[in-house]
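Enquirer: Prediction below, plus the sequence it came from.
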Amino acid sequence: MPARRPRLAPARVHDELVESFARLREELDLPAEFPADVEAEARHAARTVAADPGAARLDDLRDIEFLAIDPAGSTDLDQALHLERIPTGGVLHYAIADLPAFVAPGGAVDAQARLRGQTLYAADGRIPLHPVVISEDAASLLPERDRRAFVWRFVLDDGARPVETTLRRAVIRSRAQWSYVDAQAAIERGTAPPSLEALAWFGPLRLAREAERGGASLNVPETRIVADDGGYRLERDAPLAVEDWNAQVSLLTGMAAADIMVRGGVGILRTMPAAEADDLAAFRAQTVALGIPWPAGVPYGDYLRGLERDSPAALAILDAAAGLFRGAAYVTFDGAPPVDRLQAAIGAPYAHATAPLRRLVDRWSLVICEALANAREVPAWARDSLPALPKIMARSDGVANRLGAATLDRVEAALLSRHEGHAFDAVVLGMRGDGARVQLTDPPVTAKVAGLDAAAGTTVRLRLTTVDVSSGTVLLEPTA
């Protein structure tokens, strides 16, 4: 029976999916509306926190033409950048929303943020870390508005290496908000503003520096849930080049933040141990079996960057590579920095410091770094509460991971609903216990097929036998 491209069936399946999302929120005990005292405190902060350089004793950097690059439709804008080429390299200004100005330590907003840990993303709407009057308005670096920000300034050499780094609180005024698609198109047309043009210089050089460190940006195609005309669909595309380049700005800043905190003897790092030797050996053997061997002497990151991403064998290799680096954690210190301070996938010590509107830990990183960078005492509230952060973030990360996986399962099931009995082409990503992990060609649904014994990278034909939208269950079996 020929495969038909699944689309979300009307009324019944859509209603079942909506009900399933609601039950999932209950099962995970996700927060709903903010309590009244939290909203009231947030509204007061939004009204009273000044974005006036004189009144707040902030640097006035409103003459710098910052711009933001975000997914289309974003309103919680954590970052804005300005990148200028100079004869010896470049100067990068990177503005991060000054959320700490709007959150009183020990107050109602602070307490609620510690309960939530991070903004959670679900197909039926996000659950923000902070009330939207702050995160999507007063603190957000929206264009054509005066906004408070932590501004990093990097003087870069001709290889985009930082030779001078400063951090200060300021008032900025972003000029524009670009989507990734529009930014990429403008760069390719030659109509991009100077900062975007310079990003096309910066990004490839920073990727080269990453290779030198032994880091590896997997850039694995990500499956995204997209709301579509009252329903949902799945998209799976490799990131645009400008997304990789923009990510390198954040990575540079996170490494700078880690360096400041390590040298200052207080802070919180995002660490990840190096892959185990046995795991690397097994991965190398798998690349040989898949016909794209990882040559001895070629760094891991260079090998991954050179893969042809659309081939079935490469999909299987990238899926295996994503599991090599495990054990990411937050580590705090006040005194001697941790011995194991490396983030192995990045190839350097690293800290989360660029998304304070959406991630709790970044608020601590920013205030600690700003104090240390300007030879001032770290605020007592930040220092005293550091030890509590790893547990808060681990719990929050666990909820976010469960929500993301369960939401995707339910959308996948809804897309395949009413297609029981139909056959689909799929790529085997690898063996998992008593079966194989596969990815359908269209739609890009990933599932485990019990009893399937097939080599990774091979293409198989599978028949859909069972779909349950309420639990996100999809069962497939090999065709005869």
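Expert: Received the coordinates, thanks.
Enquirer: so where do the helices sit in this protein?
Expert: Chain-ordered helices for the chain, with DSSP state H as the definition, fall at 11-27, 36-48, 53-56, 108-116, 132-133, 180-189, 194-213, 241-264, 277-289, 300-305, 312-321, 361-373, 380-385, 389-416.
Enquirer: got TSV for those, with mean neighbour count too?
Expert: Any C-beta I mention is one placed from the backbone N, CA and C, and that applies to glycine too. Compiled in TSV, the helices of the chain are given as follows (neighbours: other C-beta atoms under 10 Å):
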stretch	mean neighbour count
helix 11-27	15
helix 36-48	16
helix 53-56	12
helix 108-116	19
helix 132-133	18
helix 180-189	16
helix 194-213	19
helix 241-264	22
helix 277-289	13
helix 300-305	18
helix 312-321	21
helix 361-373	24
helix 380-385	15
helix 389-416	19
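Enquirer: The ones you listed: which one's closest to residue 122?
Expert: helix 389-416 (5.3 Å; C-beta to C-beta).
Enquirer: And that closest one, how far out from the chain middle?
Expert: A distance of 14 Å separates the C-alpha centroid of helix 389-416 from that of its chain, computed with C-alpha atoms, centre = their mean, to the nearest Å.
Enquirer: Output the contacting helices and strands for that helix.
Expert: Judged by 3 or more C-beta pairs under 8 Å, 6 or more residues apart in numbering; DSSP states H and E, helix 389-416 is in contact with helix 11-27, strand 222-228, strand 231-237, strand 329-334, helix 361-373, strand 459-468, strand 473-478.
Enquirer: quick one, which of these is nearest to residue 157?
Expert: Of all the helices and strands packed on helix 389-416, helix 361-373 sits nearest to residue 157, with 20.3 Å by C-beta to C-beta.
Enquirer: Show me what the closest one packs onto, helices and strands only.
Expert: strand 146-156, strand 162-173, helix 241-264, strand 266-271, helix 380-385, helix 389-416.
Enquirer: averaged over its residues, what pLDDT does that helix have?
Expert: Confidence over helix 361-373 (mean pLDDT, whole number) is 98.
Enquirer: which residues are in contact with that helix?
Expert: Helix 361-373 has contacts (C-beta atoms under 8 Å, 6 or more residues apart in numbering) with 96, 98-100, 103, 113, 150, 165-169, 257, 260-261, 263-264, 266-268, 330, 351-356, 377-379, 382-383, 385-386, 389, 393.
Enquirer: Between strand 162-173 and it, find me the angle.
Expert: 110 degrees (axes from the mean of the first three to the mean of the last three C-alpha atoms, to 10 degrees).
Enquirer: quick check: angle from helix 361-373 to strand 329-334?
Expert: Between the axes of helix 361-373 and strand 329-334, defined by the same axes, to 10 degrees, the angle is 30 degrees.
Enquirer: low-confidence ranges in the stretch 1-150 of the chain?
Expert: 1-11 (pLDDT under 70).
Enquirer: on that earlier part again, just send the helices and strands packed on helix 361-373 back as a markdown table, with distance to residue 182 too.
Expert: Shown next, in a markdown table, are the helices and strands packed on helix 361-373 (distance: least, C-beta to C-beta, whole Å):
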| stretch | distance to residue 182 |
| --- | --- |
| strand 146-156 | 22 |
| strand 162-173 | 21 |
| helix 241-264 | 10 |
| strand 266-271 | 30 |
| helix 380-385 | 38 |
| helix 389-416 | 26 |
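Enquirer: Could you measure from residue 463 over to residue 420?
Expert: In this structure, residue 463 lies at 9 Å from residue 420, with C-beta to C-beta, to the nearest Å as the measure.
Enquirer: So for the two, which residue has more residues nearby?
Expert: Under the neighbour definition other C-beta atoms under 10 Å, residue 463 and residue 420 were set side by side, and residue 463 has more, 17 against 12.
Enquirer: Verify the stated contact: the more buried one with residue 477.
Expert: Yes: using C-beta atoms under 8 Å, residue 463 is in contact with residue 477, at 5.6 Å.
Enquirer: Quick one, grab the pLDDT at the residue nearest in space to the middle of the chain.
Expert: Residue closest to the average C-alpha location in the chain (C-alpha atoms, centre = their mean): residue 247, at 9.0 Å. As summarised for this prediction, residue 247 has a pLDDT of 95.
Enquirer: OK, contacts around it?
Expert: Shown here is residue 247, whose contacts under the criterion C-beta under 8 Å, 6+ apart are residue 217.
Enquirer: Residue 448 now?
Expert: Neighbouring residues of residue 448 by C-beta under 8 Å, 6+ apart: 432, 433, 435, 436, 437, 438.
Enquirer: mind checking how far the last one is from residue 173?
Expert: Applying C-beta to C-beta, one obtains 50 Å for the distance of residue 438 from residue 173.
Enquirer: Tell me which of the two has more neighbours.
Expert: Residue environment comparison for residue 438 versus residue 173 gives the larger neighbour count to residue 438, 27 against 21, counting by other C-beta under 10 Å.
Enquirer: how much space between the more buried one and residue 459?
Expert: With distances taken as C-beta to C-beta, residue 438 is found 10 Å from residue 459.
Enquirer: can you list residues touching both of these two?
Expert: Taking C-beta under 8 Å, 6+ apart as the contact criterion, the common neighbours of residue 438 and residue 459 are 426, 427, 428.
Enquirer: Next, format those as TSV and append pLDDT and distance to residue 215.
Expert: Output for the shared contacts of residue 438 and residue 459, formatted as TSV (pLDDT from 0 to 100; distance: C-beta to C-beta, whole Å):
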residue	pLDDT	distance to residue 215
426	92	32
427	89	27
428	89	29
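Enquirer: Now rank the residues you listed by neighbours and give me the top one.
Expert: Highest neighbour count within the shared contacts of residue 438 and residue 459: residue 426, with 28 neighbours (other C-beta under 10 Å).
Enquirer: I'd guessed it sits against residue 441; true?
Expert: Yes: A contact is recorded between residue 426 and residue 441 when judged using C-beta under 8 Å, the distance being 6.4 Å.
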